[in-house]
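Student: I need the structure of the sequence given here:
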Amino acid sequence: MIEPEPATTLGPFSSAGATPIPWPQARAGLRDTPVYWLSTVRPDARPHVTPLLGIWLDGALYFSTGPAERKARNLARNPHCVLTAGTNQLDGLDIVVEGAAVMVNDEFELRTVADTYESKYGRRFTAPEGTWFGLGDAIRAGNAPVYRVAPTTAFGFGKGAQFSQTRWQFEQPSPQPTTVD
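Tutor: Purely as a prediction, here's the structure:
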């Protein structure tokens, strides 16, 4: 799949002489990040933030959670969320992705997600009693809800000798015309 190329602009909080971070560099950061942070909104409008494992695949971030977990319940009420990736160092790249989480039900897509999880983290990436043991198999079997978040807007914060703030704006698909029978 050809991933969409976003419109890229340099933000006003960048160092003099800074240039926008190229989207392929940010995409590689999203692909290689081991842990993401998901921000959702509780029913009473308070924020909820939690770390999770995830993958970048075909232009979107994917993650899995249990159906009764707070993040799943929040997303059922309000799919808008933010995923962040980066480093706690003063040198590197932090990335913020805004979008709406959509539950994945397509069998082929779920198999691809499970394979990509295992490629990134290993087939059995924890001990048999660990939280994520057998996650790929659970995804393939449809026993672990999977969400896809295609970015609407993303921000990159380059840190180091120069600081930069890059904004990537993704074109949203046009609504499909509806027909009335």
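
Student: Please make it C-alpha for all contacts and neighbour counts, starting now.
Tutor: Fine.

Student: can you point me to the longest helix in the chain?
Tutor: helix 107-121 (DSSP state H).

Student: can you list the weak-confidence ranges in this structure?
Tutor: The chain contains residues with pLDDT under 70 at 1, 123-134, 173-181.

Student: Kindly list the longest strand within it.
Tutor: If each strand of the chain is counted by residues according to DSSP state E, the longest one is strand 146-159.

Student: by contact count, what packs against that strand?
Tutor: strand 60-64, strand 92-103, strand 164-169 (3 or more CA pairs under 8 Å, 6 or more residues apart in numbering; DSSP states H and E).

Student: quick one: the first one to strand 146-159, angle?
Tutor: In other words, strand 60-64. Put simply, strand 60-64 runs at 120 degrees to strand 146-159, going by axes from the mean of the first three to the mean of the last three CA atoms, to 10 degrees.

Student: likewise the second one?
Tutor: For strand 92-103 and strand 146-159, the angle between their directions (the same axes, to 10 degrees) works out to 160 degrees.

Student: what packs against strand 92-103?
Tutor: helix 23-32, strand 80-85, strand 146-159.

Student: most centrally placed residue in the protein?
Tutor: Leu61 (3.2 Å; CA atoms, centre = their mean).

Student: so who does that residue touch?
Tutor: Going by CA atoms under 8 Å, 6 or more residues apart in numbering, Leu61 touches 30, 54-55, 148-150.

Student: Right, I'll call it a day here.
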